[in-house]
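> The following block contains a protein sequence and its predicted model.
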Amino acid sequence: MSPKDSDLMEKIVSLCKRRGFIYPSSEIYGGFAGFWNYGHYGAILKENIKCLWKQRFIFDREDMFVTDTSIISNPKVLEASGHVSNFGNEIFKIQVGTGEDATTSHLRPETAQGIFADFKNVIDAHHPELPFGVAQVGKAFRNEISPRDFIFRLREFEQMEVEYFIRANEWEKHFEDWREIMKGFAADIGIENMHELEVPESDRAHYSKRTIDFQFDYPFGRGELWGLAYRTDFDLKNHNLDYLDEKTGERFVPHVIEPSLGVDRTVLAVLLSAYTEDELGGESRTYLKLPKLIAPIRTAVFPLLKNKPDLVSKAREVYSMLKKDISNIQFDDNGNIGKRYRRQDEIGTPYCITIDFDTLEDDTVTLRDRDTGEQKRLKITDLKEAII
């Protein structure tokens with residue numbers, strides 16, 4: 001790892017702490033390895049990423065169902081799936097109940113098994129035709145021996161997963177379809193230079209016949225970002241589940257394609273991709289070049305001076321007007337205008353709107369572009385179209 005790369009991770013961690021994106025968990029007591037908390041902007045960024053994932057992977061399609069399963073299940077679920085025998089000490093053991101009635105179970109190490117265990121419920125409730133998918137976003141837990149590299153390797157993490165049920169002879173087609181969807185999502189959220197690694201059989205999970213790792217160049221080296229796996233019929237067979245084609249009367253066990261995306265690693269890759277240093281107006285600056293679809297704040301509204309009631313009132317009027325259509329808008333009058341621009345740049349806000357004395361005369365404002373620093377006068381009535 002070069003000094004430059006090492007510095008980048010330090011800068012990201014510092015920015016996240018300074019601007020309220022991500023903090024060490026239990027920091028007032030010295031932290032706790034493998035656990036991190038998302039602050040205001042980090043939580044919004046993460047939620048925006050998840051919402052866009054849901055849009056692209058679920059709501060833009062007609063063949064998807066949504067679920068939200070518990071993080072603790074009957075212990076037989078992870079025994080049947082092979083996780084207890086294959087992962088052993090990496091799974092958090094817990095006691096459910098007390099005393100002699102207590103049952104030993106586990107915190108789930110992946111979200112997938114909740115979907116497989118609910119397969120019959122989905123069939124009975126919705127009678128879907130193949131192919132179809134079931135998706136969820138949820139927490140998973142792995143008792144990592146050495147959690148490290150900020151939010152890359154955690155003991156508590158979040159996954160965005162789809163289990164896509166198909167006929168066995170169609171797996172290659174659907175595998176390629178999901179491969180393209182994942183690449184398109186990377187472009188949507190600003191992740192560039194993603195690499196694909198065909199995982200050899202010796203390194204694949206026990207359930208996989210084919211896996212592609214989507215990798216990213218982190219400051220500490222190239223590492224896994226997402227995974228795309230062909231799980232065959234391994235899981236449904238182990239849970240003794242099958243599917244009845246109501247049109248043909250044929251009963252069989254579907255196969256599964258699984259696009260799996262780690263939320264926290266996605267957040268890290270997005271931040272690293274967006275982090276930019278340049279010079280503007282003769283001064284160095286740092287900004288996050290976040291796509292506006294996922295930026296925590298889409299636009300910020302400033303009164304030029306906070307001690308001028310007419311400017312503040314007009315700025316509040318513009319803010320309230322835009323708030324009706326843009327939920328993640330911020331009113332900011334803290335510090336001078338230059339400091340506000342720099343603060344919003346580091347947050348990743350694509351646009352800043354300044355209300356000045358000319359605004360009171362002609363209802364125009366200054367719209368500033370984050371990436372270029374360019375400013376232009378615009379009618380208040382044209383703001384919504386320019387920002388959205």
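Arrived safely, thanks for sending.
> what about the residue nearest to Ala102 when sequence neighbours are not counted, which SS state?
Leaving out its chain neighbours, the residue that sits closest to Ala102 by C-beta to C-beta, 6 or more residues apart in numbering is Gln95, at 4.6 Å. Just so you know, the C-beta spots here come from the backbone N, C-alpha and C atoms, and that holds for glycine as well. Secondary structure, DSSP: H, G, I helix; E, B strand; the rest coil: Gln95 is strand.
> Now do Gln95, the pLDDT please.
Looking at Gln95, its pLDDT is 94.
> what helices or strands is the helix or strand of the chain with the lowest mean pLDDT leaning on?
None of the helices or strands of the chain scores lower by mean pLDDT, DSSP states H and E than helix 83-87, at a mean of 78. Where contact means 3 or more C-beta pairs under 8 Å, 6 or more residues apart in numbering; DSSP states H and E, helix 83-87 is packed against helix 75-80.
> Can you tell me what sits against the helix it packs on?
84-85, 91, 103-106, 108-109, 113-114, 117, 238-239 (C-beta atoms under 8 Å, 6 or more residues apart in numbering).
> Buried residues of that helix, list them for me.
Pro75, Val77, Leu78, Ala80 (16 or more other C-beta atoms under 10 Å).
> Let me have these in TSV, adding pLDDT and distance to Pro291 as columns.
Listed next are these as TSV, based on pLDDT from 0 to 100; distance: C-beta to C-beta, whole Å:
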residue	pLDDT	distance to Pro291
Pro75	91	42
Val77	92	38
Leu78	89	37
Ala80	87	41
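> Nearest to Leu271 among these?
Taking C-beta to C-beta as the measure, Leu271 sits nearest to Leu78 out of the buried residues of helix 75-80, at 32.6 Å.
> Could you pull up the mean pLDDT of stretch 289-309?
On average, stretch 289-309 scores 97.
> Give me the distance between Thr248 and Glu129.
11 Å (C-beta to C-beta, to the nearest Å).
> who's more crowded, the two?
Using other C-beta atoms under 10 Å as the criterion, Thr248 and Glu129 rank with Glu129 on top: 11 against 7.
> Ramachandran coordinates for that one?
Main-chain torsions, Glu129, degrees, to the nearest 10: phi -90, psi 140.
> Then Glu346?
The phi and psi values for Glu346, taken as degrees, to the nearest 10, are phi -70, psi -30.
> Same question for Arg342.
Torsion angles, degrees, to the nearest 10, at Arg342: phi -60, psi -40.
> Would you mind confirming that it makes contact with Leu288?
No: counting by C-beta atoms under 8 Å, Leu288 is not a contact partner of Arg342; they are 12.0 Å apart.
> Neighbour count for these two, which is higher?
Leu288 (27 against 16).
> Does that one touch Val267 like I think?
No: in this structure, Leu288 is not within contact of Val267 by C-beta under 8 Å, at 11.8 Å.
> Dump stretch 179-199 to CSV, keeping only the CA atoms.
Output of stretch 179-199 as CSV, limited to C-alpha atoms (Å, rounded to 0.1, in the frame of the first residue of the first chain):
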residue,chain,number,x,y,z
ARG,A,179,-24.6,-9.3,-13.9
GLU,A,180,-25.6,-6.4,-16.1
ILE,A,181,-28.1,-5.0,-13.6
MET,A,182,-25.4,-4.9,-10.9
LYS,A,183,-23.0,-3.1,-13.3
GLY,A,184,-25.7,-0.6,-14.1
PHE,A,185,-26.3,0.0,-10.4
ALA,A,186,-22.6,0.6,-9.8
ALA,A,187,-22.7,3.4,-12.5
ASP,A,188,-25.9,4.9,-10.9
ILE,A,189,-24.2,5.3,-7.5
GLY,A,190,-20.8,6.6,-8.9
ILE,A,191,-18.7,3.5,-8.4
GLU,A,192,-16.1,3.3,-11.2
ASN,A,193,-13.3,0.9,-12.1
MET,A,194,-15.1,-2.1,-10.7
HIS,A,195,-13.4,-5.4,-11.5
GLU,A,196,-14.9,-8.9,-12.0
LEU,A,197,-13.3,-12.0,-10.7
GLU,A,198,-14.4,-15.4,-11.6
VAL,A,199,-14.1,-17.3,-8.3
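> For that stretch, give me every contacting residue.
Contacts for stretch 179-199 (C-beta under 8 Å, 6+ apart): 49, 52-53, 56-57, 208, 210-217, 222, 225-226, 228, 259, 261, 266, 269-270, 273-274, 289-291, 293-294.
> which of those count as buried?
Using 16+ other C-beta under 10 Å, the buried members of these are 49, 52-53, 56-57, 208, 210-217, 225-226, 228, 259, 261, 266, 269-270, 273-274, 289-291, 294.
> And the closest residue in space to Tyr341 that isn't next to it in sequence, what's its pLDDT?
Closest residue in space to Tyr341, ignoring its immediate chain neighbours: Cys352 at 6.2 Å, by C-beta to C-beta, 6+ apart. Predicted confidence (pLDDT) for Cys352: 98.
> just Ser6 next, same as before
At Ser6, pLDDT is 65.
> where do the helices sit along the stretch 251-388 of the chain?
263-274, 309-323, 337-347, 357-362, 383-387 (DSSP state H, counting those that start in this stretch).
> Dump the buried residues of helix 75-80 to CSV, plus distance to Leu367.
Output for these, formatted as CSV (distance: C-beta to C-beta, whole Å):
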residue, distance to Leu367
Pro75, 58
Val77, 53
Leu78, 53
Ala80, 58
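> nearest to Leu15, of the residues you listed?
Of those, the one sitting nearest to Leu15 (C-beta to C-beta) turns out to be Leu78, at 38.2 Å.
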